[in-house]
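Participant: for reference, the sequence and a predicted model appear below.
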Amino acid sequence: MHAPRVRGGSLAHYKYDAETKARAVRRVVRDGRSVSDAARECGVSEGSLFFWLRRYRQLAANQQRLSSLSRDLHELEERVRAAERQLQLRDLHASNAERLLHGDVDEAPPRSLVAYLRLKTA
């Protein structure tokens, strides 16, 4: 549960193990117990439990922000890949158009290339 920590021969404060802290926080957050009830049941001070609850809520908020940022990053990566594909296609069409303009191509160009050439020569 907890072990007293001694400084200079006097009892300074208690250091609680992780399981005790987690159990006390769960009783408040998950079980809906009051801080005073949960603290009494777990044998911890209300001040310590309030501190742990604040840290828990900060960590939960940070986790939500991280999750949101991760989704945003994934969406941006998808948009970059789509833009790269569009650029590759545009460069391919431009290359084909240049070859066509210089007479390097004997075959009929695709319809999108014809539209590109109309814009380029207009």
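Facilitator: Received it, and whenever you're ready, just let me know what you need. Numbers count the residues shown, from 1 in each chain.
Participant: centre of the chain to stretch 44-64, how far?
Facilitator: For stretch 44-64, the distance from its own C-alpha centre to the chain's C-alpha centre is 21 Å (C-alpha atoms, centre = their mean, to the nearest Å).
Participant: in the protein, which spans are strands?
Facilitator: Under the criterion DSSP state E, the chain carries strands at the ranges 2-7, 10-16.
Participant: where among those is average confidence lowest?
Facilitator: Sorting those by mean pLDDT places strand 2-7 lowest, at a mean of 49.
Participant: please report how far R27 lies from R40.
Facilitator: Separation of R27 from R40 (C-beta to C-beta, to the nearest Å) stands at 10 Å. Heads up, the C-betas are built off the backbone N, CA and C, glycines and all.
Participant: what ranges do the helices span in this protein?
Facilitator: Along the chain, counting by DSSP state H, helices occupy 18-29, 35-42, 46-101, 111-121.
Participant: confidence-wise, which of those is weakest overall?
Facilitator: helix 111-121 (a mean of 67).
Participant: which of R27 and R40 has more neighbours?
Facilitator: Ranked by neighbour count (other C-beta atoms under 10 Å), R27 and R40 place R27 first, with 19 against 15.
Participant: so the more buried one touches G43, yeah?
Facilitator: No. At 12.0 Å, R27 does not count as touching G43 under the criterion of C-beta atoms under 8 Å.
Participant: give the residues shared as contacts by the two.
Facilitator: Here R27 and G43 have no joint contacts, going by C-beta atoms under 8 Å, 6 or more residues apart in numbering.
Participant: nearest residue to V29 in space, please, no chain neighbours.
Facilitator: Excluding the flanking residues, the one nearest V29 by C-beta to C-beta, 6 or more residues apart in numbering is Y56, at 6.8 Å.
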